[in-house]
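> what follows is a predicted structure for the sequence shown.
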Amino acid sequence: MVYNCPKNEAYLACFSYIFIVGLQIIIYDGSIFMGHLKNKSELSFGAAELLHQYSYFSSVVHCAYYSCIQLMKHTWLNSMGKSENDLRNLNNISSQGSHEVLINQIKIFIQSKSQNGSVFNRDILQLKRLRVMADYDEISIDFTKSNESILLSKSALNILKKCI
């Protein structure tokens, strides 16, 4: 798929699936460009900032949230030394969704490393609520909510980075 793009710039946008090249956006199936989760997190956050700059506000929230999920999963696998199977097993025995399980596990890990577990938890849950609203609710995401999602993501990411 190819779409026209408002600026002649080259950027990588949300989830490594959308590349803005020249005046076109090219969407790939994801199998071509698979980086590490930490790198994907940085790319998703960069995409959020770029989308905010171009007033694609609801997409900003999505990318800002998933930049945190990607870095949390990186933390789970690398800093905590856990596996995909460990996470899958926790998800299977939990009544919570997969993101809630990951968020709770990362919050516990952060609390063991620093005093910012409650700040992380507050920010990521607020960002998650914004993401659900942006992706599923019949509401408009404006500049303020878009900017808030970037600030919440930045805060959560900074706390996570101190623990990895």
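The structure has been received and is ready for your questions.
> which residues in this protein form strands?
Taking DSSP state E as the test, the strands found in the chain are 2-4, 11-12, 18-21, 24-27.
> who's in contact with residue 153?
Applying Cβ atoms under 8 Å, 6 or more residues apart in numbering to residue 153 gives the contacts 45, 48, 64, 65, 67, 68, 127. C-beta coordinates here come from the backbone N, C-alpha and C atoms, glycine included.
> do the same with residue 67
So residue 67 contacts 40, 41, 42, 44, 45, 48, 153, 157 (Cβ under 8 Å, 6+ apart).
> and what of residue 75?
By Cβ under 8 Å, 6+ apart, residue 75 lies in contact with 106, 109, 160, 163, 164.
> swap in 6 Å and give it another go.
Contact analysis of residue 75 by Cβ atoms under 6 Å, 6 or more residues apart in numbering lists 106, 160, 164.
> quick one: the helices in this structure?
Along the chain, the segments classed as helices by DSSP state H run 37-53, 57-74, 84-93, 98-113, 117-136, 143-163.
> circling back to that earlier point, most surrounded residue in the contacts of residue 153?
residue 64 (32 neighbours; other Cβ atoms under 10 Å).
> the closest residue in space to residue 79 that isn't next to it in sequence and residue 147, how far apart?
Once flanking residues are discounted, residue 79 sits nearest to residue 164: 4.5 Å by Cβ to Cβ, 6 or more residues apart in numbering. Residue 164 is 26 Å from residue 147, where distance means Cβ to Cβ, to the nearest Å.
> one step back: just the buried ones among the contacts of residue 75, please.
106, 160 (16 or more other Cβ atoms under 10 Å).
> can you list the contacts of residue 75 in a markdown table and add distance to residue 53 and pLDDT?
Shown next, in a markdown table, are the contacts of residue 75 (distance: Cβ to Cβ, whole Å; pLDDT from 0 to 100):
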| residue | distance to residue 53 | pLDDT |
| --- | --- | --- |
| 106 | 29 | 97 |
| 160 | 24 | 94 |
| 164 | 28 | 85 |
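> shaky segments in the protein?
Residues of the chain that meet the criterion pLDDT under 70 lie in 1-35.
> look up how far residue 62 lies from residue 153.
11 Å.
> please apply the same query to residue 160.
Distance from residue 160 to residue 62, by Cβ to Cβ: 19 Å.
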